[in-house]
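In: Give me a 3D structure for the following:
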Amino acid sequence: MSVINNVLKNLETRETNFTPIEIESLGRDKKERQWKGTTPALVAVLTAFLLLGSGWMYLQNNSADTALAVATPQPVVVDTVEPVVVAANTEAETVQAPVVDAPNQIIGLQIRESGERMRLEFALRAKAVTYLKERGENSFAYHLRDIESQIVAPQLTDNRWIEQLVIVSTPQGVDIRFKTVPKILVETRQMKADGESIWAIELTRSAEAMTAEAETSQPVTAKLVVEPEAPAQQSVQAAAVKDTSQQQAPVKLEIKSINPESGSSNDLAYAVKLMKSRRYAEAENRFVDLLNGSEDHKVRRNLLALYQRQGYSDRHSRLARESMQKYPGDVAFTYEYAHSLYQQGFYRAVVDLFANQGEVIDVNQQSILAASYQRLDQHENAERYYTLALDQNVTNARNWIGLAISQEQNASLQDALDSYQTASNLGNLNSRLQAFVEKRSDNLNKVLN
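Out: Numbers count the residues shown, from 1 in each chain. Alright, predicted model coming up:
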């Protein structure tokens, strides 16, 4: 055993000079043994290399992204899921945005024409600075400063007043250019109408033009004595005598107007005819021209009726107040003004108006006063004035309904039922009022029975 051990130690210390013998059948096993021995080391090296490479690429990408973010602005990413709330930035934007006033504008044109005058009314957003820019024989050019035009000038043909009308916009404002027919007087003014600023051009005929028009439009029928032609041998003295006798002979002239609507009475009748034909704009122009004339009272009554029919509450109220002041003792104008106040909801003003007028004896005034008290929930006064109105006109079904309503509020249920039945028996109620009367009557019958 010692010999064997010594041999083995000698072999371990001896340098090995191994020469491999290539055997084809053993080559694959050798390579597999060599690969298996080196696999863990290779895997560790490759893993470390991959980790180092990934770290290097990560650092490069981060540095590149950072440089790109600094060099180029980032696009705004709109989240399609959550909507953008605009109201959050509204206050800041409102503070930063400059306040720009809306420019003044011409927003409308209305032409009013009558037999005596023609008026062009330009509706403005605000009062304008105007002045005459050019003036010819029959041509005018007015400039409206710092203003814009939202309208186009109408084409006027065969007009008795204006031959041409042009609206020209300039950097400084608007020019209103027009050419009139001969012998026309031009006047401009600014005013307020129904809360609107109006710049108006008013055209009227001169006295010379009116005289010439009267001469051409009114036929003259003259009864003349026509002498026979004198013979040739008539002496100069005889001719002189004949001329003298012709000059002394009276000449009778019968002048008749060809305009059937001339005269204030005829003009008023024509305006009423226009209103009945629903030609309200023409009728209004006629009535306005006839104000303060010989038929002023009738004109105002008809014009108030026109404004009431058209629903022009502001014009109706203004004209009614002016008419009441001009005719303080006229109960009709007082009622019209009270009615305009009632329609605007000024019920206390209606009561105060009649309180200052003294005793109320007109049936229409009593009715409007009763209705105003009813709106103010003062049903005792309402019942009183409804009764006074019905004493004068017992056939007014609407007043019976008003009386019944106040009687209900005053707990006079049987009297209220009787008033409703009276109104129903009188008839002449529209479907809404008829349904209301039937419903209230049924309810009262159930309560009383």
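In: correct me, but N381 touches S372?
Out: No: with contact defined as C-beta atoms under 8 Å, N381 does not reach S372; the gap is 9.1 Å. Any C-beta I mention is one placed from the backbone N, CA and C, and that applies to glycine too.
In: which of these two has more neighbours?
Out: Neighbour count, other C-beta atoms under 10 Å: between N381 and S372, S372 has more, with 25 against 16.
In: So which elements touch the host helix or strand of N356?
Out: For N356, the host element (DSSP states H and E) is helix 347-357. For helix 347-357, the helices and strands in contact under the criterion 3 or more C-beta pairs under 8 Å, 6 or more residues apart in numbering; DSSP states H and E are helix 331-343, helix 363-375.
In: Now distance to I162 and mean pLDDT too, for the ones you listed, in JSON lines please.
Out: Formatted as JSON lines, the helices and strands packed on helix 347-357 follow (distance: least, C-beta to C-beta, whole Å; pLDDT from 0 to 100):
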{"stretch": "helix 331-343", "distance to I162": "36", "mean pLDDT": "87"}
{"stretch": "helix 363-375", "distance to I162": "45", "mean pLDDT": "91"}
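In: Compare those and give me the one nearest D289.
Out: Closest to D289 of the helices and strands packed on helix 347-357, according to C-beta to C-beta: helix 331-343, at 20.2 Å.
In: what helix or strand does I401 sit in?
Out: helix 397-409.
In: so what does that helix touch, helix or strand wise?
Out: Using 3+ C-beta pairs under 8 Å, 6+ apart, helix 397-409 sits against helix 363-375, helix 379-392, helix 413-426, helix 431-448.
In: Return the most buried member of those.
Out: Of all those, helix 363-375 has the most neighbours on average by mean count of other C-beta atoms under 10 Å, namely a mean of 23.
In: For that helix, which helices and strands make contact with it?
Out: helix 331-343, helix 347-357, helix 379-392, helix 397-409.
In: Which residues outside that helix are in contact with it?
Out: Residues outside helix 363-375 that contact it (C-beta atoms under 8 Å, 6 or more residues apart in numbering): 331, 334-335, 338-339, 342, 347-348, 350-351, 354, 360, 379, 381-386, 388-389, 392-393, 396, 398-399, 402-403, 405-406.
In: angle of it against helix 397-409?
Out: 30 degrees (axes from the mean of the first three to the mean of the last three C-alpha atoms, to 10 degrees).
In: Just want the angle from helix 363-375 to helix 347-357.
Out: Using the same axes, to 10 degrees: helix 363-375 against helix 347-357 is 140 degrees.
In: got the CA coordinates for helix 363-375 in PDB?
Out: As requested, the backbone C-alpha atoms of helix 363-375 are provided in PDB (Å, rounded to 0.1, in the frame of the first residue of the first chain):
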ATOM      1  CA  VAL A 363    -119.300 103.700 -15.900                       C
ATOM      2  CA  ASN A 364    -116.000 102.900 -17.500                       C
ATOM      3  CA  GLN A 365    -114.100 104.600 -14.800                       C
ATOM      4  CA  GLN A 366    -116.000 102.800 -12.100                       C
ATOM      5  CA  SER A 367    -115.300  99.500 -13.800                       C
ATOM      6  CA  ILE A 368    -111.500 100.000 -14.100                       C
ATOM      7  CA  LEU A 369    -111.400 101.300 -10.500                       C
ATOM      8  CA  ALA A 370    -113.300  98.200  -9.300                       C
ATOM      9  CA  ALA A 371    -110.900  95.900 -11.200                       C
ATOM     10  CA  SER A 372    -107.900  97.800  -9.700                       C
ATOM     11  CA  TYR A 373    -109.200  97.400  -6.100                       C
ATOM     12  CA  GLN A 374    -109.800  93.700  -6.800                       C
ATOM     13  CA  ARG A 375    -106.200  93.300  -8.000                       C
END
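In: follow-up on the earlier one: mind putting the helices and strands packed on helix 363-375 in CSV, distance to L291 included?
Out: Below are the helices and strands packed on helix 363-375 laid out as CSV (distance: least, C-beta to C-beta, whole Å):
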stretch, distance to L291
helix 331-343, 14
helix 347-357, 23
helix 379-392, 32
helix 397-409, 32
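In: do you know which of those helices lies nearest S169?
Out: Short answer: helix 331-343, nearest of these by C-beta to C-beta, at 40.5 Å.
In: hang on, the earlier thing: could I get the helices and strands packed on helix 347-357 in a markdown table, plus columns for distance to A141?
Out: Formatted as a markdown table, those follow (distance: least, C-beta to C-beta, whole Å):
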| stretch | distance to A141 |
| --- | --- |
| helix 331-343 | 42 |
| helix 363-375 | 52 |
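In: Quick check: mean pLDDT of stretch 384-399?
Out: Averaging pLDDT along stretch 384-399 yields 92.
In: what comes into contact with that stretch?
Out: By C-beta under 8 Å, 6+ apart, the residues outside stretch 384-399 that reach it are 360, 363, 366-367, 369-370, 373, 400, 402-403, 406, 422-423, 426-429, 433.
In: Take the helices and strands packed on helix 397-409 and lay them out in a markdown table including distance to K273.
Out: As requested, those are arranged in a markdown table below (distance: least, C-beta to C-beta, whole Å):
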| stretch | distance to K273 |
| --- | --- |
| helix 363-375 | 26 |
| helix 379-392 | 32 |
| helix 413-426 | 33 |
| helix 431-448 | 32 |
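In: For Y420, give its distance to L144.
Out: 61 Å (C-beta to C-beta, to the nearest Å).
In: Going along the chain, name the helices of the stretch 151-300 of the chain.
Out: 207-217, 236-248, 264-276, 280-290, 296-310 (DSSP state H, counting those that start in this stretch).
In: Quickly, which of those helices bottoms out on average pLDDT?
Out: Among the helices of the stretch 151-300 of the chain, helix 236-248 carries the lowest mean pLDDT (a mean of 47).
In: How about the secondary structure of the residue lying closest to W199 once chain neighbours are set aside?
Out: Distances taken as C-beta to C-beta, 6 or more residues apart in numbering place F122 nearest to W199, at 4.7 Å, with adjacent residues excluded. Classification of F122 by DSSP: H, G, I helix; E, B strand; the rest coil places it in strand.
In: Can we start the residue count at 786 from this point?
Out: I'll keep to 786 as the first residue from here, and by that count the last item is F907.
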